[in-house]
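J.: got a sequence here, can you build the structure:
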Amino acid sequence: MTDLAISARGLRKSYGDKVVLDGIDLQVAEGTIFALLGPNGAGKTTMVQILSTLIGADGGELRVAGHDPAHEPDAVRAAIGVTGQFSAVDNLLTGRENLILMGDLNHLGRAEARRRADELLARFDLSDAADRPAATYSGGMRRRLDLAMTLVGDPRIIFLDEPTTGLDPRSRHTMWTIIRELVAGGVTVFLTTQYLEEADELADRIALLDRGLIVAEGTPDELKWLVGGGHIRLEFSDPVQVEAGALALGAVAGDDLALQVPSDGSMDSLRDVLDRLDGVKVDRLSVHTPDLDDVFLALTGSGTP
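T.: The predicted model follows:
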């Protein structure tokens, strides 16, 4: 069985009368990407703060890298890295100086800190900007530097709390590539994100957090088929043809001259519909399979990721 990087059972956290985490159970396998999704205010950042020893839980059992954060916080901190929603980069320092500072904080020694800084600058394509103040960096460069700073101590587990918020699509895809490379090297990534596409693209498993509870968990494909809703949409320009299509498929035509037929998205399903439409003129056809937007809207209350 794959070893667990993170495990939680019955995890609870409240602020006054507000229950943020209400008995959370989860397991994260080593060398995987685990994404935590949920509406704003669902408790995603609170979960990361507890797992990374920044705040304590009110109850439950928890292990991170095999250690209890409440009783062995130093051991947990030695095994993890955290990239939060807000950059930890010092704008007055250069990229290299930021990395060397992190090396000092990790007790690497001056020579090793410089070696590690140069290695990470090259890895994150920041060598040309190494001696420029971080204040001159673009948003994508700053996030790459932020993640590089997290890696100075060579952590086994990395918490990424909305790591690509505010980035343009090109910079976001660059970050995705870096995250995949980290996991390929054996690192475990615990990710929170407001971008459902990002979770779909990266995560091995996803948990959906709502009102303090995990309301669904599984692979992206498992979650998509959990809510159903796959269909083939057929559009017509001729009312006669749409009526013929409705008769052939046993469907009901809408006012927009379109038919919607349930489908699992497979070729067999599509072929069956086309065979039954023999002789009917369809102007446009599209296949809709469930996505994480469907999952999110079906399983959570109002709000955005």
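J.: can you map out the strands along the stretch 101-250 of the chain?
T.: Using DSSP state E, counting those that start in this stretch, the strands of the stretch 101-250 of the chain run over 157-161, 188-192, 205-210, 213-218, 231-235.
J.: enumerate every residue touching residue 254.
T.: residue 260 (Cβ atoms under 8 Å, 6 or more residues apart in numbering). All C-beta atoms are positioned from the backbone trio N, CA, C, and that covers glycine.
J.: highest mean neighbour count out of the strands of the stretch 101-250 of the chain?
T.: strand 188-192 (a mean of 25; mean count of other Cβ atoms under 10 Å).
J.: quick one: contacts of that strand?
T.: With Cβ under 8 Å, 6+ apart, strand 188-192 has contacts from 5-6, 28-37, 44-45, 47-48, 51, 156-163, 179, 182-183, 198-199, 202-203.
J.: how about the helices in the stretch 151-300 of the chain?
T.: 169-184, 196-202, 220-227, 239-249, 267-276, 292-299 (DSSP state H, counting those that start in this stretch).
J.: could you give the angle of the fourth one to helix 267-276?
T.: So the one you mean is helix 239-249. With axes from the mean of the first three to the mean of the last three Cα atoms, to 10 degrees defining the directions, helix 239-249 sits at 120 degrees from helix 267-276.
J.: so which elements touch helix 239-249?
T.: strand 258-262, helix 267-276 (3 or more Cβ pairs under 8 Å, 6 or more residues apart in numbering; DSSP states H and E).
J.: what's the closest of the ones you listed to residue 147?
T.: helix 267-276 (40.2 Å; Cβ to Cβ).
J.: quick check: buried residues in the closest one?
T.: Neighbour counts using 16 or more other Cβ atoms under 10 Å place 269-270, 273 of helix 267-276 among the buried residues.
J.: and the angle from it to strand 231-235?
T.: Here helix 267-276 runs at an angle of 30 degrees relative to strand 231-235 (the same axes, to 10 degrees).
J.: show me the contact partners of helix 267-276.
T.: 232, 234, 248-249, 261, 263, 287.
J.: any chance of the strands of the stretch 101-250 of the chain in TSV, with mean pLDDT and distance to residue 104 too?
T.: Output for these, formatted as TSV (pLDDT from 0 to 100; distance: least, Cβ to Cβ, whole Å):
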stretch	mean pLDDT	distance to residue 104
strand 157-161	93	20
strand 188-192	95	25
strand 205-210	93	36
strand 213-218	92	39
strand 231-235	90	58
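J.: distance to residue 151 added to these, as CSV?
T.: Shown next, in CSV, are the strands of the stretch 101-250 of the chain (distance: least, Cβ to Cβ, whole Å):
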stretch, distance to residue 151
strand 157-161, 8
strand 188-192, 12
strand 205-210, 23
strand 213-218, 28
strand 231-235, 44
